[in-house]
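Engineer: the following block contains a protein sequence and its predicted model.
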Amino acid sequence: MLGGMGPLATVDLFRKIIANTPALKDQDHLHIIINNNPKIPPRITSLNQGSKTPIPDLIKAAQMLQDAGANFIIMPCNTAHIWYQEISNSINIPIYSMIKNTVDQTLIQINNKNAKVLLLATQTTIKTKLYQKAFQETPVNLIIPSLAEQLVINQAINSVKAGLINTNPYLKELNKMLDKYAYKDVRHVLGGCSELPLLFPFLNENIHKLDPTLMLAQFAVSTAL
């Protein structure tokens, strides 16, 4: 697991892998190597002029996992998948795309193929159209928040990174946002930043939550087994 972006999101994926592994004893669980490197430069600001690119650190982290004996790599950071191809080209083992897996599993989970799905993600993920491009050839109608709403989402993500989950000061605003979109017949929300599923237990129960971290955990267990 190429983690640390951020640490809580990495723990969330690890926990979900454990929870989704059919095991009766310790020895039934999977051997998981976690490279939790929180020193990788921020992905959110890395595309801004003058900011340090995370590419060298991402490649180094992936190569360390390969050298440690990993059979494949998963990366619980949606935004970091902007550099997925560079990482993949630097190693000789598979790195499976969280973005592709999310699209595949979303299509399975949503019965109404023309359903509206609200995308909550980092501003960088939205700006680079990471998910927009991935869903482009599908019947899913991906809804992008307004600029004002994106500012709230950004702050909610930053608050999770600061350790605020059930006490996140932006939960009320996020729920108001979801209520507004539910009124517009948007029945699904995609947590396209790995900090956001940590807030799902505290968000509107009337909207279906699509959790890429859970989807990735289930994919990893199935692949490993």
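Structural biologist: Okay, I see it.

Engineer: low-confidence regions, this protein specifically.
Structural biologist: 44-51, 112 (pLDDT under 70).

Engineer: quick check: closest non-adjacent residue to the residue nearest the centre of the chain.
Structural biologist: By Cα atoms, centre = their mean, the chain has its centre lying nearest to Ser194, at 3.6 Å. Closest residue to Ser194 apart from its sequence neighbours, by Cβ to Cβ, 6 or more residues apart in numbering: Ala9 at 3.6 Å. Where you see a C-beta, it was placed from the backbone N, CA and C, and this is true even at glycine.

Engineer: tell me who's in contact with the one you found.
Structural biologist: Going by Cβ atoms under 8 Å, 6 or more residues apart in numbering, Ala9 touches Gly3, Pro76, Cys77, Ser194, Glu195, Leu198, Thr213.

Engineer: I'd say the third one and Asn37 touch.
Structural biologist: Read that as Cys77. No - under the criterion of Cβ atoms under 8 Å, Cys77 makes no contact with Asn37, lying 11.0 Å away.

Engineer: that older thread, Lys52: which of the contacts of Ala9 is nearest?
Structural biologist: Minimum distance to Lys52 across the contacts of Ala9 is 16.2 Å, recorded for Cys77 (Cβ to Cβ).

Engineer: tell me the first helix or strand C-terminal of the helix ranked longest in the chain.
Structural biologist: Ranked by number of residues, the top helix in the chain under DSSP state H is helix 147-161. Next helix or strand after helix 147-161 toward the C-terminus (DSSP states H and E): helix 171-183.

Engineer: buried ones in that following helix?
Structural biologist: Of all the residues in helix 171-183, those buried under the rule 16 or more other Cβ atoms under 10 Å are Leu171, Glu173, Leu174, Asn175, Met177, Leu178, Tyr181, Ala182.

Engineer: I'd like to know how far Met5 sits from Pro169.
Structural biologist: Distance, Met5 to Pro169, using Cβ to Cβ, to the nearest Å: 22 Å.

Engineer: who's more crowded, the two?
Structural biologist: Met5 (27 against 10; other Cβ atoms under 10 Å).

Engineer: what number of residues lie near the closest residue in space to that one that isn't next to it in sequence?
Structural biologist: Counting by Cβ to Cβ, 6+ apart, the nearest residue to Met5 once its immediate chain neighbours are dropped is Cys77, at 3.8 Å. Counted with other Cβ under 10 Å, residues neighbouring Cys77 total 26.

Engineer: need the three-state assignment for Cys77.
Structural biologist: Classification of Cys77 by DSSP: H, G, I helix; E, B strand; the rest coil places it in coil.

Engineer: buried ones in the helix or strand hosting Ala9?
Structural biologist: Secondary structure assigned from DSSP H and E places Ala9 in helix 7-19. For helix 7-19, burial by neighbour count (16+ other Cβ under 10 Å) applies to Ala9, Thr10, Asp12, Leu13, Phe14, Lys16, Ile17.

Engineer: want to try JSON lines for those residues, with distance to Gly69 as columns?
Structural biologist: Shown next, in JSON lines, are those (distance: Cβ to Cβ, whole Å):
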{"residue": "Ala9", "distance to Gly69": "24"}
{"residue": "Thr10", "distance to Gly69": "19"}
{"residue": "Asp12", "distance to Gly69": "24"}
{"residue": "Leu13", "distance to Gly69": "19"}
{"residue": "Phe14", "distance to Gly69": "18"}
{"residue": "Lys16", "distance to Gly69": "23"}
{"residue": "Ile17", "distance to Gly69": "17"}
